[in-house]
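Chemist: Sequence and predicted model, in that order:
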Amino acid sequence: VPLGSAFPSPLLYPLARLAQYLGKAARQMDPWKTVEDLSPGSAELRRQIAKRYSAHGVRVLPDDIVITSGALEALNLCLEAVTQRGDVVAIESPCWYGALQAIERLGLRAVQIATDPVEGIDLASLEAAIRKQGVKACWLMPTFQNPTGALMPDEKKKALVTLLAKHGIPMFEDDVYAELHFGRNRPLPAKAFDRDGLVLHCGSFSKSLAPGYRIGWCVPGKFMRKVERLKLTTSIATSIPVQEGIADYLGSGGYDHHLRGLRKALESQQREVIRVIREEFPPGTRVTRPSGGYFCWVEMPKGTDALKLHRSAIGKGITIAPGPIFAPARQYANCMRINTGNQWSVEAIRALALG
């Protein structure tokens, strides 16, 4: 039972339908697209992505977008484009371990910023770090943060962008969960408040439509040419037939229909997970209730060893994501991230209760 997984159940996605569009795209694709639509990517896919930005009130043109092999490549390209070895990068605490690994790989230094599990990063702590530690860039997830599920309110996102603009600091906005909102409207990205091109916005279809297809993108703002060159000199391009297949699917109008069903399923599953945690976990346990995504952050009573619990759970065929993997100094010993994106069953209930 993969309660520690970073992915929801693949059975929640229209993979058979996508396969039809992928096959059609491969059969009917203009052969010249295989050499003309390399970096920055399929013109039609970039047009479809730009339309979705516009529908949510964010002005992005197709030529502002670089298609990548998932959001992780987008974020790594952005990180490499704006930093040099030894630079300080501000991260949330706790934060997604992929950010820690990328920062370490490039020889950068991470500074942790206190992060509220409901409303996200603390701006006063961030400003203090900027002044005292010479922060050169920020890697943040303002919408349904991994691992806590925190959602920064719009005014706080605006204040964040304003603060970073004042100091001329670029921000990589990891926004892969934004389409998985439970409310009526998709939350605005921090990019919506960017007037200086300093927010490098990164997204993906891996969490919302096509896990395993590895189609992501970035809107690098003023760093567009740098990111595009890095893409060209590292992987040249992302699979053109897959890009064309997803572009055709988006153009068909099926994406929003799929998202409505996916959001409903994820919200229902989250509700059940939280119910079991509140009924079965020790007194004093606290759990977040995010308004989107598929993660809950669980804080157990002091003295609980999440790593020990993790090892014990593995022996029963259950995984969890223990808190220490989300911080460079192995903090959050009594915390864990629970994936609520798996289809609910009696087996899952028993696993969560560690029965």
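Modeler: Received the coordinates, thanks.
Chemist: just checking, what packs against the helix or strand hosting residue 202?
Modeler: If you go by DSSP states H and E, residue 202 is part of strand 199-204. Counting contacts by 3 or more CB pairs under 8 Å, 6 or more residues apart in numbering; DSSP states H and E, strand 199-204 packs against helix 70-82, strand 171-174, strand 216-219. For every residue, glycine as well, the C-beta is placed using N, CA and C.
Chemist: So which residues of the stretch 101-250 of the chain form helices?
Modeler: With DSSP state H, counting those that start in this stretch as the definition, the stretch 101-250 of the chain shows helices at residue ranges 123-133, 154-167, 224-234, 240-252.
Chemist: Deepest-packed of the ones you listed, please.
Modeler: Greatest average neighbour count among these goes to helix 240-252 (a mean of 21), per mean count of other CB atoms under 10 Å.
Chemist: That helix: how far from the chain's middle?
Modeler: The chain centre lies 21 Å from the centre of helix 240-252; the measure is CA atoms, centre = their mean, to the nearest Å.
Chemist: For it, name the packing helices and strands.
Modeler: Packing contacts for helix 240-252, counted by 3+ CB pairs under 8 Å, 6+ apart, involve helix 15-28, helix 33-36, helix 43-55.
Chemist: how near is residue 172 to residue 67?
Modeler: Taking CB to CB, to the nearest Å as the measure, residue 172 falls 17 Å from residue 67.
Chemist: biggest helix in this protein by residues?
Modeler: Ranked by residue count, the top helix of the chain under DSSP state H comes out as helix 254-280.
Chemist: what comes up buried for it?
Modeler: 254-255, 258-259, 262-263, 265-267, 269-270, 273-274, 276-277 (16 or more other CB atoms under 10 Å).
Chemist: list the contacts for residue 187?
Modeler: Shown in contact with residue 187 (CB atoms under 8 Å, 6 or more residues apart in numbering): 143-144, 151, 154, 178, 181, 292.
Chemist: most neighbours, which of these?
Modeler: Among the contacts of residue 187, residue 143 has the most neighbours (other CB atoms under 10 Å), with 29 neighbours.
Chemist: just how off-centre is stretch 90-104 within its chain?
Modeler: Worked out by CA atoms, centre = their mean, stretch 90-104 lies 12 Å from the chain centre.
Chemist: Check stretch 201-219 too.
Modeler: Here stretch 201-219 shows a centroid-to-chain-centroid distance of 9 Å under the convention CA atoms, centre = their mean.
Chemist: can you check stretch 32-46 too?
Modeler: Counting by CA atoms, centre = their mean, stretch 32-46 comes out at 24 Å from the chain centroid.
Chemist: Start the count at 45 instead of 1 going forward.
Modeler: Done: numbering now begins at 45, and the last item shifts to stretch 76-90.
Chemist: what distance separates the start and the end of that stretch?
Modeler: 17 Å (CA to CA, to the nearest Å).
Chemist: Can you list the buried residues in the biggest strand by length in the chain?
Modeler: The single longest strand within the chain, with elements called by DSSP state E, is strand 153-160. In terms of neighbour count (16+ other CB under 10 Å), strand 153-160 has its buried residues at 153-157, 159.
Chemist: with these in mind, which one is nearest to residue 59?
Modeler: residue 159 (34.1 Å; CB to CB).
Chemist: Please report the distance of the closest one from residue 109.
Modeler: 29 Å.
Chemist: Residue 88 too?
Modeler: From residue 88 to residue 109 the distance is 12 Å (CB to CB).
Chemist: now do residue 223
Modeler: Residue 223 is 16 Å from residue 109, by CB to CB.
Chemist: just residue 273 next, same as before
Modeler: 15 Å.
Chemist: again with residue 68
Modeler: Where residue 109 is concerned, residue 68 sits at a distance of 23 Å (CB to CB).
Chemist: same deal with residue 127?
Modeler: Residue 127 is 22 Å from residue 109, by CB to CB.
Chemist: can you check residue 148 too?
Modeler: Taking CB to CB, one finds residue 148 at 28 Å from residue 109.
Chemist: When the two are compared, which one has more neighbours?
Modeler: residue 109 (26 against 12).
Chemist: how about the more buried one, phi and psi?
Modeler: In terms of degrees, to the nearest 10, the main-chain angles of residue 109 are phi -110, psi 140.
Chemist: Just give the closest residue to it, not the sequence neighbours.
Modeler: Nearest residue to residue 109, sequence neighbours excluded (CB to CB, 6 or more residues apart in numbering): residue 90, at 4.4 Å.
Chemist: Next: residue 206.
Modeler: Residue 206 sits nearest to residue 237 (CB to CB, 6+ apart), 7.4 Å away.
Chemist: mind listing what the closest residue in space to residue 236 that isn't next to it in sequence touches?
Modeler: Excluding its sequence neighbours, the residue lying closest to residue 236 (CB to CB, 6+ apart) is residue 102, at 4.8 Å. Listed by CB under 8 Å, 6+ apart, the contact partners of residue 102 are 232-233, 235-236.
Chemist: need the helix or strand of this structure with the lowest average pLDDT.
Modeler: helix 77-80 (a mean of 76; mean pLDDT, DSSP states H and E).
Chemist: Between the two ends of stretch 156-167, how far is it?
Modeler: Stretch 156-167: ends 12 Å apart by CA to CA.
Chemist: quick check: mean pLDDT across it?
Modeler: In this model, stretch 156-167 has a mean pLDDT of 96.
Chemist: ditto for stretch 318-330
Modeler: Mean predicted lDDT for stretch 318-330 stands at 94.
Chemist: Right, I'll call it a day here.
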